[in-house]
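>>> Dropping a prediction and its sequence here:
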Amino acid sequence: MKLLLKVVPGATRSGIAGRLGDRVKVKVTEQAESGRANAAVIAVLAAALGIPRSGLKIVAGGKSPLKVVEIASMSEDEVLARLADYGV
């Protein structure tokens, strides 16, 4: 399953901030330097979904705030159910 993200690096708090159009908005405290924000995005999503970080991979938008993350072990319904508490 592929999930479309809008990432906000350098936020005061990390977490999932609901929807923004067709994307899930993810805020991370890390800056967009040397892949630190990307690693933080993976950590936030893994924690929210309750899966290991190895089950997530950024497949598009590595240097952009608009990213696509592939979730290997879950269906779209499972992902949306687990993110429902975050307003997704």
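Okay, I see it.
>>> Would you mark the buried spots in the biggest helix by length in the chain?
If you go by DSSP state H, the chain has its longest helix at helix 36-49. With burial defined by 16 or more other C-beta atoms under 10 Å, the residues of helix 36-49 counted as buried are 37-38, 40-42, 44-46, 48-49. Using the backbone N, CA and C atoms, a C-beta is placed for each residue, glycine as well.
>>> Turn those residues into TSV, columns for pLDDT.
Compiled in TSV, the buried residues of helix 36-49 are given as follows (pLDDT from 0 to 100):
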residue	pLDDT
A37	94
N38	95
A40	96
V41	96
I42	97
V44	96
L45	96
A46	95
A48	95
L49	94
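>>> Give the helix, strand or coil label for the residue of the chain most remote from its centre.
Here the chain reaches farthest from its C-alpha mean at S34, the gap being 17.5 Å by C-alpha atoms, centre = their mean. With DSSP: H, G, I helix; E, B strand; the rest coil as the basis, S34 sits in coil.
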